[in-house]
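Peer 1: Need coordinates for the following:
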Amino acid sequence: MRRNWQWLVLLVIPLGMGSGKALAAQGGGEHGGMGGYGRRGPMSADDRLKQMTKDFDLTADQQAKLKPILADTDKKMQDLRSDSSEDRQAMRSKMMQIHQDSNDQIRAVLNDQQKEKFDKQEQDRKQRMQNRRGPRGMGDPGGPEAPQN
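Peer 2: Residues are numbered from 1 along each chain as shown. You can find the predicted model right below:
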């Protein structure tokens, strides 16, 4: 009886490992889009440029202008993530500033129609982040219990 159990374990473990690889190969996850984070971390500058080209129908000139902006943003974010001296709140604040600066530079390259679509994507991204964090509660700055000036 014990021998049968051992064979069963030897058969089941590789199957489970294979299904995990299949999910990873599919790129599972709902975090696509502009600068999204997938299961494997943030998108590279090249991947973001490809996604933006598809989403906004970028011209070759726009792509050439956006590539260094996206690469610079990636470098700044990587440098910040590798700096362990920062506390979480300071790091979050700096990341938000890098993201805002990048968005300002990106918007400067887009035409009016593309800016509308970009702004909509950003609004959707912010909404998804809010939904992940949940409602702000007592003690949270800016939460419903925070004093209003």
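
Peer 1: From now on I want contacts and neighbour counts done on CA atoms only, so please keep to that.
Peer 2: OK.

Peer 1: Show me the shaky parts of the chain.
Peer 2: Within the chain, the segments meeting pLDDT under 70 span 1-40, 135-149.

Peer 1: Next up, phi/psi of Asp87, please.
Peer 2: With angles defined as degrees, to the nearest 10, Asp87 sits at phi -80, psi 160.

Peer 1: Next one: it relative to Arg133, how far apart?
Peer 2: For Asp87, the distance to Arg133 (CA to CA, to the nearest Å) stands at 19 Å.

Peer 1: Tell me, how many residues neighbour Arg107?
Peer 2: Arg107: 16 surrounding residues under other CA atoms under 10 Å.

Peer 1: can you pull the contacts of it?
Peer 2: By CA atoms under 8 Å, 6 or more residues apart in numbering, the residues touching Arg107 are 115, 118.

Peer 1: mind checking the SS state of it?
Peer 2: Following DSSP: H, G, I helix; E, B strand; the rest coil, Arg107 is assigned to helix.

Peer 1: hey, where'd the strands end up in this protein?
Peer 2: 37-38, 41-42 (DSSP state E).

Peer 1: So in that sheet, which strands flank the last one, and in what orientation?
Peer 2: Translated: strand 41-42. Note on strand 41-42: by DSSP bridges, its sheet partners are strand 37-38 (antiparallel).

Peer 1: Asp79 versus the residue nearest to Lys76 when sequence neighbours are not counted, what's the distance?
Peer 2: Of all residues not flanking Lys76 in the chain, Ile98 sits nearest, at 7.4 Å (CA to CA, 6 or more residues apart in numbering). Distance, Ile98 to Asp79, using CA to CA: 12 Å.

Peer 1: between those two, which one's more packed in?
Peer 2: Between Ile98 and Asp79, counted using other CA under 10 Å, Ile98 has the larger neighbour count: 18 against 11.

Peer 1: so the more buried one makes contact with Thr73?
Peer 2: Yes. Using CA atoms under 8 Å, Ile98 is in contact with Thr73, at 6.8 Å.
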